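Student: Whatever this is, show me its structure:
(2 chains)
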Amino acid sequence: MTKGLQAAAAAASLAFLLAGAAAAQTLTMGVGAPVTSLDPHYHQLSPNTAVAQMIFGGLTGTDGSARVVANLAESWRAVDETTWEFKLRQGVRFHNGSEFTAEDVAFTFQRVPNVPNSPSSYAIYTRPIRQVEIVDSHTLRLRTAVPYPLMPTDLANIMILDRETHGSATTEGFNAGPMAVGTGPFRMASHRNGDRIEFERNDAYWGTRPHWQRVTYRMITNDAARTAALLAGDVEIIDQVPTSDLGKLRVDQRLALSEVTGLRLIFLGFDHSRTEASPFVTDNDGKPIPQNPLKDVRVRRALSMAIDRAAIVERVMEGAAIPSGQFLPDGAFGHVPGLVPPRPDTEAAKRLLAEAGFPQGFRLTLHGPNDRYPNDSRIIQAIGQMWTRAGVRTSVEALPWTTFIGRASRQELSSFLVGWGTSSGEASNPLRNLVATADRDKGYGASNRGRYSNPEVDRLLEAGMRELDDAKREALLQQATRVAFEDVGIVPLHIQKNTWAMRRGLAHNARADELTRAQDVRPAATAGTAAR
Amino acid sequence: MTVFLLRRLLQAGGVVLVMSLLVFVGVFAIGDPVEILISPEADQIERERAVKALGLDLPLWQQYLVFLGKALQGDLGRSFVFNEPALQLILQRMPATLELALGATLAALVIGLPLGLYAGLRPHSPVSRGIMATSILGFSLPTFWVGLMLIMVFAVQLGWLPSTGRGETVEILGTRWSFLTRDGLAHMAMPALNLALFKISLVIRLTRAGVRETMLMDYVKFARAKGLSPSRVTFVHVFKNILIPVVTVVGLEFGGTIAFSVVTESVFAWPGMGKLIIDSINVLDRPVMVAYLMIIVLLFITINLLVDITYSVLDPRVRLEGKS
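Tutor: Numbering: from 1, shown residues only, chains lettered A, B, ... in the order given. The predicted structure follows:
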């Protein structure tokens, strides 16, 4: 290329850049799930977390692949078995100019469990902390009763508030605006409940300043309307792209997609709570079977084997998922290399069923939600057909989530489809919640709706939960995972991919934890030119 | 008159009471709000705390009595989700729904009356037949689908109107209204039309039937025999008389429009009461559901009452019960 051409190209790209910068400092986002509260300690819910991470900041944070990274704390270490020390970042200020210090962290930990009327509080993350010791204005020691390796992971969920500003802050104060003051990259400009939130850039932000001066965060819960808003140019990026629209959006020249394997596993749970008859299992004549067949690992293995996961992912999910044989995708902490789902094999499944004493199969009702996960009711229909082919005559019942989940939690169902989003991105979380023996005092198995119980899994998990050494902990968690899945405690189906669609010319750093945040979006042209 | 009003008020109180009881039992039967609201990560201790914090640990009848006691003092409870008074949440959203419903009603009259009048005066012309055939579509097409089609055509393909949401608003007396700005009107056009579609058809049919009936009346024949101009006959003698049933039906429909704007609001992401109630039902936010239904019941009762009173004023032949 000649010098002249190069100069012309440079001038052109500079002009483009300037024009782009002047015109495109505002961003309008369309999100599918409503934000219910701007109080970062009131209602633990992904959309609330996404917005909280724009306004506030935690001691730690997570990157796009859900790995823990430094945030308001620069570094941390375990001083001894039961003490964590956090070194806080210097010179950070809240939006109102107030300085961020260790006092604010101590104040925050005090507020978290005491937010009135909270339907889902963040206290589960602060409960392990027995004592908060302020060493100096920017050093903090947290003491726990037992070794607690998850401290840095858990603290990514706790947004730090200002002791001076938020002393008597109420949830209403946050929602109305005056209390929505944090250390994050954006300030809240206005909030219209259930409609939109407007943000302005915090130019004094300590980290990388986001590109956008103004951001409008619109909540468009209807899938078709959200896609239409993007196509009409009313919003520039949308999340939760419906799988049925993926094909059309992929070929649209005006649009670009960003996609990442998520952390949400879709799986089937079985009734482990009854040794006698299970409510939705009968023999072929419709009479109850005195012994619950689902307690037999051969039956569970046969049912898992009868499922063609690749077909479900391809046909029902339109490719927006990956088949999985365990909790987490490759690369996550605790992923077990080589633990893959069984190859679909109807004949082998029939043989296993015969071996378990059901050569003629039996009848089963598979339940699932119809308004919760992408294509949920179609997935259970597909599985119903696959099971029926293997000899277990399955009827399928899809229910609204509000009705379904209560019944599943009360152990009223025999087999059911649910999902689990491992927001922490590491394996102790699904192990503890989904397959550990339900135990109130340990806080284990709170979402173990089938009441699966395996002492070996519990033992390995407990050992892992006490292990501060990352490598040793990961090995223990991997072992626990392996045991649970070889015993087919639950039947993993697939891990969803998270998809965003945006106007061409934007680049988005897709997050495994499904959060939609303005700081993850930037103009693609700027990045491209800068790289040249 | 006073006795009539008193009796009506008592009836209204009874309906509200029964309705609140139904919602309480209904939500209880559907599922457990805590199960829906709580973070999946929450352990058993946290779940117990949440159940207690929302007052759901008491037996249902006690929960209901607590609610009644507070309701009598004007407190309909706080939303589980937003931690704000349910009544305040709904009243905040009310202007958006009201202006949408008013816009739709206005559109129904402006479009429906002339078309109905034309179809009534020239029942056999092809245009009239066309109008009547199209009005069938207005009755039978689902609003949900029509809304999406409107978006696809006017927002996505033609780009004339914004696809969803409420536009710029102006604050008057503490509430936000969007019909006073250009941007607001542009945002309102499609949802209002979508909501009006059914009513337009209704008005067309009512008007047409009224006109055809009235045209045969003796006084119309007499007016014509007297040599009055056709336009005077139409607009003074016929039109006035058919207006009474039209206005009555549209008035009654207004309550329904407010209560059932749910679908339109959710398709167009219109931040009104309908969208609030749908979101609240999805998470079993009982205080908001109860408060919303109470407001709707009161609305219907008030509108019915106003219609009855207007009738007795307009038509001396109608006597209000209880007067004699």
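
Student: what's around residue 208, how many residues?
Tutor: Picking chain A for this. For A:Thr208, the neighbour count with other CB atoms under 10 Å in any protein chain shown is 8. Backbone N, C-alpha and C define where each C-beta goes, glycine included.

Student: wait, I meant chain B there
Tutor: Look at B:Arg208: counted by other CB under 10 Å, it has 24 neighbours.

Student: Going by neighbour count, list what's buried in the strand or helix carrying it.
Tutor: Assigned by DSSP states H and E, B:Arg208 belongs to helix B:182-215. Going by neighbour count (16 or more other CB atoms under 10 Å in any protein chain shown), the buried part of helix B:182-215 is B:184-185, B:187-208, B:210-211, B:214-215.

Student: That helix: how far from the chain's middle?
Tutor: 14 Å (CA atoms, centre = their mean, to the nearest Å).

Student: How far does whichever helix or strand comes after it sit from its chain's centre?
Tutor: Next helix or strand after helix B:182-215 toward the C-terminus (DSSP H and E): helix B:218-225. Relative to the centre of its chain, helix B:218-225 is centred 39 Å away, using CA atoms, centre = their mean.

Student: next SSE after helix B:218-225?
Tutor: The helix or strand immediately downstream of helix B:218-225 is helix B:230-232, counting by DSSP H and E.

Student: what does the next helix or strand after that next one rub up against?
Tutor: On the C-terminal side of helix B:230-232, the closest following helix or strand by DSSP H and E is helix B:239-259. If you take CB atoms under 8 Å, 6 or more residues apart in numbering or on different chains as the criterion, helix B:239-259 is touched by B:97-98, B:101, B:104-105, B:108-109, B:113, B:117, B:195, B:199, B:202-203, B:206-207, B:210-211, B:214, B:273, B:296, B:299-300, B:303-304, B:306-307, B:311, B:314.

Student: What residue in the stretch 201-350 of chain A comes nearest to chain B?
Tutor: Nearest to chain B in the stretch 201-350 of chain A, going by CB to the nearest CB, is A:Ala232, at a distance of 3.8 Å.

Student: What is the burial count for that residue?
Tutor: A:Ala232: 21 neighbours (other CB under 10 Å).

Student: low pLDDT regions in the stretch 151-300 of chain B?
Tutor: The stretch 151-300 of chain B contains no residues with pLDDT under 70.

Student: Run through the residues of it sitting next to chain A.
Tutor: Within the stretch 151-300 of chain B, the positions adjacent to chain A are B:151-152, B:155-156, B:159, B:162-166, B:266-269, B:271, B:275-276, B:279, B:281-284 by CB under 8 Å from any CB of the partner chain.

Student: For ChimeraX, what selects the buried ones among those residues?
Tutor: Burial among those is assessed by 16+ other CB under 10 Å; the matching ChimeraX selection reads:
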select /B:151,152,155,156,162,163,164,165,166,266,267,268,269,271,275,276,279,281,282,283,284
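
Student: What helix or strand is residue 298 located in?
Tutor: Defaulting to chain A. Using DSSP H and E, A:Arg298 falls in helix A:297-305.

Student: right idea, wrong chain: chain B
Tutor: B:Leu298 belongs to helix B:286-314 when elements are defined using DSSP H and E.

Student: any idea which helix or strand carries B:Phe179?
Tutor: Going by DSSP H and E, B:Phe179 is not part of any helix or strand.

Student: which residues of the stretch 301-450 of chain A fall in helices?
Tutor: Assigned by DSSP state H, counting those that start in this stretch, the helices in the stretch 301-450 of chain A fall at A:309-311, A:346-355, A:376-389, A:401-409, A:428-430.

Student: quick revisit: I'd like to check the angle between the helix holding B:Arg208 and helix B:218-225, please.
Tutor: 90 degrees (axes from the mean of the first three to the mean of the last three CA atoms, to 10 degrees).

Student: nearest spatial neighbour of A:Glu81, skipping sequence neighbours?
Tutor: Excluding the flanking residues, the one nearest A:Glu81 by CB to CB, 6 or more residues apart in numbering or on different chains is A:Pro147, at 4.7 Å.

Student: next one: A:Ala463
Tutor: Looking at A:Ala463 with CB to CB, 6+ apart, the closest residue is A:Leu476, at 5.2 Å.

Student: Just the buried positions in the one helix or strand that neighbour maps to, please.
Tutor: According to DSSP H and E, A:Leu476 maps onto helix A:470-486. Buried positions in helix A:470-486, judged by neighbour count with 16+ other CB under 10 Å: A:Arg473, A:Glu474, A:Leu476, A:Leu477, A:Gln478, A:Gln479, A:Ala480, A:Thr481, A:Arg482, A:Val483, A:Ala484, A:Phe485.

Student: In TSV, list these along with pLDDT.
Tutor: Putting the buried residues of helix A:470-486 into TSV (pLDDT from 0 to 100) gives the following:
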residue	pLDDT
A:Arg473	95
A:Glu474	95
A:Leu476	96
A:Leu477	96
A:Gln478	96
A:Gln479	96
A:Ala480	96
A:Thr481	96
A:Arg482	96
A:Val483	96
A:Ala484	96
A:Phe485	96
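
Student: Perfect, I'm done here.
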